[in-house]
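1. how does the following fold in three dimensions:
(one chain, ligands or ions: 1)
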Amino acid sequence: MAVIKNLIAPFQKVLINKRLCPGCTMPLDKAKKFPYNPESEMTICQCRRMYIYDRSSDSYRRATLKEAEMFSKK
Ligand SMILES: [Zn+2]
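-> I've put the predicted structure just below:
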């Protein structure tokens, strides 16, 4: 199983770099965005996966569990 995990992680990164959700391949530019902090926006996909959109680098990354928790507490 470790081999499969090692293959999936880079593949997910490729999809995020292409601005697509790795879970459902929806374009993240179409996902709902909510203000998170001055530099970034919380992006929530239709499949409920959460991403952080970074304005300065104009890129997406997966939200960490802590970031997701902090966002839902607001
Ligand atoms: Zn998705």
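
2. which parts of the chain sit against the ion?
-> Counting by C-beta under 5 Å from the ion, the chain comes close to the ion at C21, G23, C24, M26, C45, C47, R49. Using the backbone N, CA and C atoms, a C-beta is placed for each residue, glycine as well.

3. give me the subset of those lying in helices.
-> Per DSSP state H, helices hold no members of these.

4. output the residues you listed as TSV; include the columns neighbour count and pLDDT.
-> Output for these, formatted as TSV (neighbours: other C-beta atoms under 10 Å; pLDDT from 0 to 100):
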residue	neighbour count	pLDDT
C21	22	97
G23	13	93
C24	12	96
M26	15	97
C45	20	97
C47	12	97
R49	18	96
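
5. most widely separated two among the residues you listed?
-> Of all pairs drawn from those, the greatest distance, 9.6 Å, lies between M26 and R49 (C-beta to C-beta).

6. buried set for stretch 56-67?
-> Going by neighbour count (16 or more other C-beta atoms under 10 Å), the buried part of stretch 56-67 is Y60, R61, R62, A63, E67.

7. dump the residue contacts of L7.
-> Contact analysis of L7 by C-beta atoms under 8 Å, 6 or more residues apart in numbering lists nothing.

8. which stretch of helix or strand covers it?
-> Counting by DSSP states H and E, the element that carries L7 is helix 2-17.

9. can you give the distance from that helix to the centre of its chain?
-> Relative to its chain's centre, helix 2-17 lies at 14 Å (C-alpha atoms, centre = their mean, to the nearest Å).

10. hey, what's P27 bridged with?
-> L20 (DSSP bridges).

11. quick one, what contacts it?
-> Applying C-beta under 8 Å, 6+ apart to P27 gives the contacts R19, L20, C21.
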